[in-house]
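S.K.: with the sequence up front, the predicted model follows.
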Amino acid sequence: MDTGVLGGRLHHRLALRGASVRVFDYAMSESRGCGWARAIAQQAFRDEAYTLQLDSHHRFARDWDRELIAQLEALRERSFRPVLVAHPPAYDPGQPVPGRCEEGYQIDFVAFGGPGVVATRSTTIMYPPGPAAPIRARFFSGGFAFADGSFVRDVPADPDHYFNTEEITLAVRAYTQGYDLFHPHRHVLWHYYGRPTAPKVWEDQAAALARGETTLDGAKLGMRALADARQALGMEGAPRAVHWMGRRRSLHDYERFAGLSFARRAATAEALCHIEPRDDDLRLDEAAWVARLLPAPRIP
C-alpha cells in the first residue's frame, strides 16, 4: 500500500495481482452525498476503456467483467454510445447467491413527485419467446451503470446531488450527451438492499450536526438539489439553463423518448404501461406529441 497526499487529503493506493484500488480519506461529517463522493472517486480516472458505477454492498459472479464487456460491445450495432443500467437483483448475507441471474430487470415509471422528481420501481423484464437481449431504458441507475470510459469525461458525477435526484438528472444528462441507456438481459451482480440495522450517512450526519460536529445538513442539501432539478427540467416554469445539460440532444428529445412531460406531469401510455421506449415520438409534431400524453400519477 502506498500513501500520499492529493488535493490536501490522504490518498491511499492498494495493489494486488494487477488490480489497483485508490482510497480517498474523508470523515463522515464532511460528506455532501453520493454525487460528491462519486465526483471524488472519479479523480482517480485514468482514461480506462470502461467505467463501472456502483453502490456498496454487492456480490459478483465469476467473470462478471468479461460478461459486462461482452454485453456492452454487442450493443454497438444498435448504439454508438451504449450504457448498461439497472437495479440489480437482491441478496441477503448468509444466503447462497446463484452463479448467474438469467433474468433482466427494467426500471419503470411510477409517478411524478417525491424526493427524486419521479418515482420508479424495478420489475422483471417480460421477454417474448426467442433470444433475449438488452432493452432500451428510460431511466438511469446510480447503483449500477457500465459504459465506455468516455462517460466519465462526458457525464461526470455532479457533486451537488446529495442522493435522490442523482438518477433522473443522470438519465437526462446521459441522453442529451448522446448516450443510449439499456437494461441488461441477465445479471452478474447482486445488491444488499435496505440494511435496516446498518447506519446511513444521512443519519450519522444528522446526529453529528445536532452535536455541533459539522455544519453540513444533508436534508437541506437534498432539498436544494431537488429544487435545482425541478427548475432545470421545467417543472417550475420554463426550464432553467444548466451547465450539465448535453448538446447532442435536447431535454425535449429526452421527454419524447422516455414518454414523459415534466412540465405537464403527464406520460404516454407506453411509459404508464412500462413498455420499452422507442424513438417514434421524436418524429411527431408538437400537437401530435401533446395529444399522446395522459395524466400521470403524482405523489407528494
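M.R.: Arrived safely, thanks for sending.
S.K.: give the burial count for the closest residue to G113 other than its chain neighbours, as a bare number.
M.R.: Once its chain neighbours are removed from consideration, G113 has its nearest residue in I299; the separation is 4.1 Å (Cβ to Cβ, 6 or more residues apart in numbering). C-beta coordinates here come from the backbone N, C-alpha and C atoms, glycine included. For I299, the tally of surrounding residues (other Cβ atoms under 10 Å) stands at 11.
S.K.: how about the contacts made by I299?
M.R.: By Cβ atoms under 8 Å, 6 or more residues apart in numbering, I299 lies in contact with 111-114, 119.
S.K.: and if you look at P88?
M.R.: Contact analysis of P88 by Cβ under 8 Å, 6+ apart lists 58, 105, 143-144, 187, 189-191.
S.K.: and of these, the nearest to I40?
M.R.: Of all the contacts of P88, the one sitting nearest I40 is G143; the distance, using Cβ to Cβ, is 17.6 Å.
S.K.: do you know how far that closest one is from L52?
M.R.: Applying Cβ to Cβ, to the nearest Å, one obtains 11 Å for the distance of G143 from L52.
S.K.: show me which of those two is the more surrounded one.
M.R.: Neighbours per residue, other Cβ under 10 Å: of G143 and L52, the larger number sits with G143, 21 against 14.
S.K.: pretty sure the more buried one is touching P89, no?
M.R.: No - using Cβ atoms under 8 Å, G143 and P89 do not qualify as a contacting pair, with a distance of 11.7 Å.
S.K.: list residues touching both of those two?
M.R.: With Cβ under 8 Å, 6+ apart, G143 and P89 have common neighbours H191.
S.K.: low pLDDT regions in the protein?
M.R.: Per-residue confidence of the chain (counting by pLDDT under 70) places the weak regions at 99-100, 129-131.
S.K.: that one: helices as residue ranges?
M.R.: Using DSSP state H, the helices assigned to the chain run over residues 34-41, 64-74, 150-154, 166-176, 201-210, 218-232, 251-258, 269-272, 286-291.
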